[in-house]
Structures are given as structure tokens and as C-alpha cells.
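[1] 3D model of this:
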Amino acid sequence: MHKHKKDVIEMEGIVTEAYPAGLFKVLLDNQKTVLAYISGKIRQKKILILVGDRVKVEFHISDLTRGRITYRFREKKRS
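    The predicted structure follows:
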């Protein structure tokens with residue numbers, strides 16, 4: 001089954017828990033908590049995701065409880 005971009009919903013949230021094997025619990029901006037895994041590109045580029053990081057999560061429209069982390073936002077530099 002091939003997924004199309006129109007079947008995907010993107011949301012932002014904050015990582016609240018980290019589990020083994022690249023699984024994370026993410027609190028979305030709409031106050032829902034979901035389970036998300038790291039996308040292949042993030043794993044490939046060895047981007048470290050920690051509790052407290054702001055991330056973009058992609059969901060397929062058929063299952064809005066599990067998602068894929070596709071982007072980690074950079075923290076603003078403190079002056």
C-alpha cells in the first residue's frame with residue numbers, strides 16, 4: 001500500500017517521554033498524547049531527539065494515535 005501526501009496530517013508537539021528503539025510519547029499542541037517513532041531520514045542523519053524537544057509529527061488519516069517524527073525544531077539561541 002502506497003501512502004500519498006493527501007492522506008497525511010502534520011501536527012507539532014513536545015516530546016514528553018523516550019522509549020527504547022526510537023519510540024517517543026509526544027504531547028501535541030491540541031493537548032492529545034500520541035506514540036511516535038523516528039522517521040528513516042532522522043535516523044539516517046543521526047539527529048538526537050530528547051525529552052523536551054519540539055517536533056513535527058506526521059499521521060496517516062486512518063490512525064491518529066501513532067505517528068512518525070519527521071522534523072526536530074532547533075532551539076532558539078539564548079542571549
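[2] Now do the strand or helix carrying residue 58, average pLDDT.
    Using DSSP states H and E, residue 58 sits within strand 54-60. Strand 54-60 shows a mean pLDDT of 96 in the predicted model.
[3] what's the longest strand in this structure?
    strand 8-19 (DSSP state E).
[4] Break down this protein into its helices, ranges please.
    40-44 (DSSP state H).
[5] Now residue 19. Nearest residue, chain neighbours left out?
    residue 25 (7.4 Å; CB to CB, 6 or more residues apart in numbering). Placement of C-beta: from N, CA and C, glycine included.
[6] whoops, I mixed them up, residue 65
    Per CB to CB, 6+ apart, closest to residue 65 is residue 34, 5.8 Å.
[7] who touches the one you found in this structure?
    Under the criterion of CB atoms under 8 Å, 6 or more residues apart in numbering, the contact list for residue 34 reads 13, 25, 26, 28, 57, 59, 64, 65, 66, 67.
[8] let's go with 7 Å and repeat that
    26, 28, 57, 65, 66, 67 (CB atoms under 7 Å, 6 or more residues apart in numbering).
[9] Please name the bridge partners of the most centrally placed residue in the chain.
    The chain has residue 69 as the residue nearest its centroid, 2.6 Å off, counting by CA atoms, centre = their mean. Beta-bridge partners of residue 69, counted by DSSP bridges, are residue 38, residue 57.
[10] Tell me how many other residues crowd the nearest residue to residue 13 once chain neighbours are set aside.
    Of all residues not flanking residue 13 in the chain, residue 28 sits nearest, at 3.9 Å (CB to CB, 6+ apart). Per other CB atoms under 10 Å, the neighbour tally for residue 28 reads 18.
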